[in-house]
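Visitor: What shape does this take:
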Amino acid sequence: MKSLLFAIVLLGAALLSAQEKKQRLAVLEIEDRTGALPKELMTTASDYLRARLVAVNSFLLVPKDNVMRAVIKEQKKESWRDCYDPACRVDLGHALAADTVLASMVMRLADDHVVTVELVDIAKEVTIKGVSVTFDGSEEGLKKALDRVADRIAGKRPEKVSPAPADKVDPTEKLKGAVDLQEKPKVEKPLAPPEKKKPDANTYDVRGEVIIDRDTGHSWQRSHGGPIDLEKARSYCEDLVLGGFTDWRIPTISELRTLIIGCPNTVPDGICPVDDACAGTGECRERLKEKDCACKAHKGPGEKGSYWKKGVWRYNGGRYDLFWSRSLISGPYEEAWGVLFSEGIVTTVDVSGRYYVRCVR
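Guide: Residues are numbered from 1 along each chain as shown. The predicted structure is shown next:
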């Protein structure tokens, strides 16, 4: 009996500890920037978002009434819905002893409605996570958008969609249009026919917004995300739905090097020593010699002298096109390996830097 009571006490202590580790979150009312949605709908939507955040069980939510009283008392607002500016959010968080504040709005962009949320860290006074989801302006569309917002704020990954068996359907027959950094409705598009290219050492099938590398078997995103830091790049690829697949990710440094063309030093069999086998070790950096892992700037065969295949990739950035890999480097700083395609360089960059990402699967 004593052992049973002791086990119950330990379980209770563990549950209490887990609860204490959760962030204390204050959720503000959703702001209607369209000026056209009924107030009752926005109140209901705000309550629904709170309920969804309770359901995902990742936060300790400050009660709605406490938030209301704090806004009116601390900010001298006539209504608690008026606390939209950043300073008000931070002051409110301090008043409620909250760790984070969630501010949301609905706005209209062209023909789309967009739900945008910001998760503000009170101690640092910075936005630590932002999510934007489009919907069609209907009540049902808003509900689905809030479901996705709650899951992504809580860090819940979207469910994977199982592709059809390979012996029944060619996976390339499911390819469809891309999504960029801002989420857009996932609309089926007809499969683009393969573009006719002359065969060479790097053989690609160009199928709309998906590139299939026949040499490696990898599928690549034809366009890219960014410029963004490594953490956002990881989320961008994990959230990407392209070609009927959801298992996109950031490439490793060895995978990223397979896209290099025209720089003998850094193509996969080049003398540059950086690959997946040594990427995470200090030895990899010690063996790195700049002349071994680069070529002359803007002398490659691709657009603007980039060291990739011309006519294959879409690139909307400037002259210096550095792309992330997910391969981290050990050492005193938080760094990851990347490739600067304008010079064919394999190099390390700080994970907080803002660069581009091309997802792979």
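Visitor: where does Tyr48 land in three-state SS?
Guide: Here Tyr48 takes the helix state, with states given by DSSP: H, G, I helix; E, B strand; the rest coil.
Visitor: Quick check: it touching Lys143?
Guide: Yes - at 6.8 Å, Tyr48 counts as touching Lys143 under the criterion of Cβ atoms under 8 Å. Backbone N, C-alpha and C define where each C-beta goes, glycine included.
Visitor: For stretch 48-63, measure first residue to last.
Guide: End-to-end span of stretch 48-63 (Cα to Cα, to the nearest Å): 14 Å.
Visitor: Quick check: mean pLDDT of that stretch?
Guide: When pLDDT is averaged over stretch 48-63, the result is 81.
Visitor: got it, and stretch 254-265?
Guide: Averaging the model's pLDDT scores along stretch 254-265 yields 93.
Visitor: could you list every residue that touches Gly353?
Guide: Gly353 is in contact with Asp229, Leu230, counting by Cβ atoms under 8 Å, 6 or more residues apart in numbering.
Visitor: I misspoke; the intended subject was Thr348.
Guide: With contact taken as Cβ under 8 Å, 6+ apart, Thr348 is in contact with Arg285, Ile329, Glu335, Ala336, Trp337, Gly338.
Visitor: same deal with Lys299?
Guide: The contact partners of Lys299, by Cβ under 8 Å, 6+ apart, come to Gly262, Gly305.
Visitor: Now do the SS call for Ala336.
Guide: Classified using three-state DSSP, Ala336 is strand.
Visitor: Does it touch Ser327 like I think?
Guide: Yes - between Ala336 and Ser327 there is a contact under Cβ under 8 Å: 6.3 Å.
Visitor: on that earlier part again, which of the contacts of Thr348 lies closest to Val346?
Guide: Trp337 (6.6 Å; Cβ to Cβ).
Visitor: Roughly how far does the closest one sit from Val131?
Guide: Distance from Trp337 to Val131, counting by Cβ to Cβ, to the nearest Å: 28 Å.
Visitor: same check, this time on Ala103
Guide: From Ala103 over to Val131 (counting by Cβ to Cβ), the distance is 12 Å.
Visitor: Gly300 now?
Guide: Relative to Val131, Gly300 is positioned 37 Å away (Cβ to Cβ).
Visitor: Of the two, give the one with the bigger neighbour count.
Guide: Remark: of Gly300 and Val131, Gly300 carries more neighbours, 23 against 20, as counted by other Cβ atoms under 10 Å.
Visitor: The more buried one - nearest residue in space that isn't next to it in sequence?
Guide: Spatially, and ignoring its direct neighbours in sequence, Gly300 is nearest to Tyr307 (3.5 Å; Cβ to Cβ, 6 or more residues apart in numbering).
Visitor: residues contacting that neighbour?
Guide: Neighbouring residues of Tyr307 by Cβ under 8 Å, 6+ apart: Ile260, Ile261, Gly262, Cys263, Thr266, Cys295, Gly300, Pro301, Phe341, Ser342, Glu343, Gly344.
Visitor: Can you give me the neighbour number for the fifth one?
Guide: To tie it back to what came earlier, the one meant is Thr266. Burial measure for Thr266: 26 neighbouring residues, criterion other Cβ under 10 Å.
Visitor: Please pull up the helix or strand immediately following the helix or strand that Lys232 is a member of.
Guide: Per DSSP states H and E: Lys232 is located in helix 230-239. Note on helix 230-239: by DSSP H and E, the next helix or strand toward the C-terminus is helix 253-257.
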